[in-house]
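Peer 1: After the sequence you'll find the predicted model.
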Amino acid sequence: MDQNLEKRNETAVSKCNVAAFVHDMKELEIKQFTLRKLHEKCVEERNRTKKNSENEFNTAENADRKQYRN
């Protein structure tokens, strides 16, 4: 019977292991949230930069067309 108790203790999850798991999951969720926010900011910056570049290109193209008309 003592052998069964020893084996049972080896497979049981200790409070320390559960606490470590919960802490690790919390850290992963924080990192995931941070990465999502960073991704959102990068996408916004990319879209803003793309729009600005398109506007600058169109302005330059219009100025070039006016130059050839005159």
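Peer 2: Good, I have the coordinates.

Peer 1: Low-confidence regions, this protein specifically.
Peer 2: Within the chain, the segments meeting pLDDT under 70 span 1-12, 70.

Peer 1: let's see 80
Peer 2: 1-13, 69-70 (pLDDT under 80).

Peer 1: Helices of that one, start to end?
Peer 2: Secondary structure of the chain, counting by DSSP state H: helices at 2-11, 15-69.

Peer 1: Quick check: which of those has the most neighbours on average?
Peer 2: helix 15-69 (a mean of 10; mean count of other C-beta atoms under 10 Å). Bear in mind the C-beta positions are built from the backbone N, C-alpha and C, glycine included.

Peer 1: If you count contacts, what does it end up packed against?
Peer 2: Under the contact definition 3 or more C-beta pairs under 8 Å, 6 or more residues apart in numbering; DSSP states H and E, helix 15-69 sits against no other helix or strand.

Peer 1: Find the residue at the geometric middle of this protein.
Peer 2: Among the residues of the chain, the one closest to the centroid is residue 35, at 2.4 Å (C-alpha atoms, centre = their mean).

Peer 1: What separation is there between that residue and residue 13?
Peer 2: Noted for residue 35: a distance of 29 Å to residue 13, by C-beta to C-beta, to the nearest Å.
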